[in-house]
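In: missing the sequence, but the structure's below:
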């Protein structure tokens with residue numbers, strides 16, 4: 001994975017990634033080894049569904065470990081403290097907006113795409129909404145483009 005782009009994450013996101021990697025390496029791998037040993041003990045591997053399932057589980061675990069290791073070597077931690085002093089929306093900012101079409105307020109934290117979880121208020125910095133908000137100030141009205149139907153939102157607060 002040469003010339004891989006930086007993986008932008010908050011400190012909390014970084015800790016989550018490290019925790020997931022540790023769990024996969026130290027717990028999940030042992031579970032896979034146990035599954036493989038139990039399946040091998042059944043005898044003929046050519047028609048052994050348990051063995052095939054264990055091998056599939058092993059492949060998924062090893063792929064995720066490789067993915068996490070690559071991410072962690074290219075990680076760039078977003079400095080949450082630096083964003084709180086900024087007057088414009090940036091990576092790590094928590095912003096409350098008003099959708100001018102629906103008149104609904106929503107609050108999001110702008111994070112890197114690895115941490116994105118829109119259902120829990122974590123919005124990837126590459127989404128159309130985040131792109132429109134970035135570098136804007138409280139009170140500004142921005143138009144969200146690159147969506148089927150562009151819409152306007154007003155920035156109510158910034159943390």
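Out: Received, thanks. Note that the structure is a prediction, hence the values are computed from the model and not measured. Numbering: from 1, shown residues only.

In: C-terminal to the helix or strand of the chain with the lowest mean pLDDT, what's the next element?
Out: In the chain, no helix or strand scores lower on mean pLDDT, DSSP states H and E than helix 80-84, which sits at a mean of 55. Later in the chain than helix 80-84, the nearest helix or strand by DSSP states H and E is strand 94-99.

In: Run through the neighbouring helices and strands of the helix or strand following that following strand.
Out: Heading C-terminal from strand 94-99, the first helix or strand you meet, by DSSP H and E, is strand 104-111. Taking 3 or more C-beta pairs under 8 Å, 6 or more residues apart in numbering; DSSP states H and E as contact, the helices and strands that strand 104-111 lies on are strand 7-10, strand 94-99, strand 122-124, helix 128-133. For every residue, glycine as well, the C-beta is placed using N, CA and C.

In: Give me the buried positions along the last one.
Out: In terms of neighbour count (16 or more other C-beta atoms under 10 Å), helix 128-133 has its buried residues at 129, 130, 131, 132, 133.

In: separation between the second one and residue 50?
Out: Between residue 130 and residue 50 the distance is 45 Å, computed by C-beta to C-beta, to the nearest Å.

In: Please apply the same query to the fourth one.
Out: Counting by C-beta to C-beta, the gap between residue 132 and residue 50 amounts to 51 Å.

In: can you check the last one too?
Out: When C-beta to C-beta is the yardstick, residue 133 and residue 50 sit 50 Å from each other.

In: Residue 141 now?
Out: Taking C-beta to C-beta, one finds residue 141 at 59 Å from residue 50.

In: what's the answer for residue 10, then?
Out: To residue 50, residue 10 is 40 Å away according to C-beta to C-beta.
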